[in-house]
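**Q** Build the 3D model from these lines:
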Amino acid sequence: MKHKEYIEYIKIEFQHITKNNMLFWNLWNISYPYDVLTEYKNDYQQEYILFNEMHLFCWSILNEVDKKNDAFKSIFEQSYPFIIDEETGETINPKGILQQRYESYDDDILPELCIKLLIGGFDEIYKGIKESEDKYGERASNAPMEVISSIIASYNWGYLFDNMDKDIVIDEVNAQMKLVKMLQTSQSLTLEDRNIFRNKEFLYKLLK
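**A** Numbers count the residues shown, from 1 in each chain. Next comes the predicted model:
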């Protein structure tokens, strides 16, 4: 499958994911950069602790998202919301290490790219749950692909769209296509399903 075809497929099918499955869709995509960051957690301990707390909390409310409580606020509002100056693009009155360090994270360093992807992913979840939105995380599927793109670049293989035949890419594309269809009907999913349809061996054998 060509890259453009894959993008269009996910974009269209995402619109049919049920509200009750929306958090799972976001968490499943976040799991990709989260698992990579876990491999580097000793180098980014403070960031990992924050993400781990948000990650586990979200899984704990997976089937009762509407029951927002004080725990949601206390956990997420250590780092959110990000208030951005529209003119400068800078964070206004940054609070917490994720906001304070955001500009220093380097997209060319894999674990720091993962940190930025997780900041964006959990921001979508924070806003989606807080506002009780029916749809959020339309671009969530970009997170795994950005991680894969970074890995591909580290091997000097070129760009993602030129490597759609690589095992790691095929596995993720197929997994996303299966999941986006499955989530269009009611499901009973848990933390154990966090990488359903994926073969993470394709990822781990390429991590340097």
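**Q** most centrally placed residue in the chain?
**A** Ile30 (2.4 Å; Cα atoms, centre = their mean).
**Q** separation between it and Ser79?
**A** When distance is defined by Cβ to Cβ, to the nearest Å, Ile30 is 14 Å away from Ser79. Where you see a C-beta, it was placed from the backbone N, CA and C, and this is true even at glycine.
**Q** for Lys4, same thing?
**A** Counting by Cβ to Cβ, the gap from Lys4 to Ser79 is 35 Å.
**Q** now Met54
**A** Taking Cβ to Cβ, one finds Met54 at 8 Å from Ser79.
**Q** can you list residues touching both of these two?
**A** Residues touching both Met54 and Ser79 by Cβ atoms under 8 Å, 6 or more residues apart in numbering: Phe122.
**Q** Spatially nearest residue to Lys97 (excluding sequence neighbours)?
**A** Not Lys; residue 97 is Ile. Gln46 (5.3 Å; Cβ to Cβ, 6 or more residues apart in numbering).
**Q** Give me the buried positions along the one helix or strand the one you found maps to.
**A** Here Gln46 sits within helix 45-60, counting by DSSP states H and E. By 16 or more other Cβ atoms under 10 Å, the buried positions in helix 45-60 come out as 47-48, 50-51, 54-55, 58-59.
**Q** Next: stretch 74-87.
**A** Buried residues in stretch 74-87 (16+ other Cβ under 10 Å): 75-76, 79-80, 82.
**Q** and if you look at stretch 178-197?
**A** 179-180, 183, 189, 193-194.
**Q** Of these, which is the nearest to Pro94?
**A** Arg194 (30.1 Å; Cβ to Cβ).
**Q** Give the closest residue to that closest one in space, chain neighbours not counted.
**A** Excluding the flanking residues, the one nearest Arg194 by Cβ to Cβ, 6+ apart is Ser31, at 4.8 Å.
**Q** hang on, the earlier thing: show me the contact partners of the helix holding Gln46.
**A** By Cβ under 8 Å, 6+ apart, the list of residues contacting helix 45-60 reads 23, 27, 30, 34, 37-38, 41, 71-72, 75-76, 78-79, 96-98, 101, 115, 118, 122, 125, 190-191, 194.
**Q** how about 6 Å then?
**A** 27, 41, 75, 97, 115, 118, 122, 191 (Cβ atoms under 6 Å, 6 or more residues apart in numbering).
**Q** same deal with stretch 138-154?
**A** Applying Cβ under 6 Å, 6+ apart, the contact partners of stretch 138-154 are 10, 14, 26, 29, 32-33, 36, 110, 113, 117, 121, 160, 163, 168, 172, 176, 206.
**Q** Point out where this structure drops to low pLDDT.
**A** 67-68 (pLDDT under 70).
**Q** Helices of that one, start to end?
**A** With helices called from DSSP state H, the chain shows them at 3-14, 22-38, 45-60, 70-76, 96-101, 110-130, 142-154, 167-182, 201-204.
**Q** now those helices in CSV, with distance to Glu90?
**A** CSV is the format used below for these (distance: least, Cβ to Cβ, whole Å):
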stretch, distance to Glu90
helix 3-14, 30
helix 22-38, 24
helix 45-60, 20
helix 70-76, 21
helix 96-101, 10
helix 110-130, 15
helix 142-154, 23
helix 167-182, 33
helix 201-204, 33
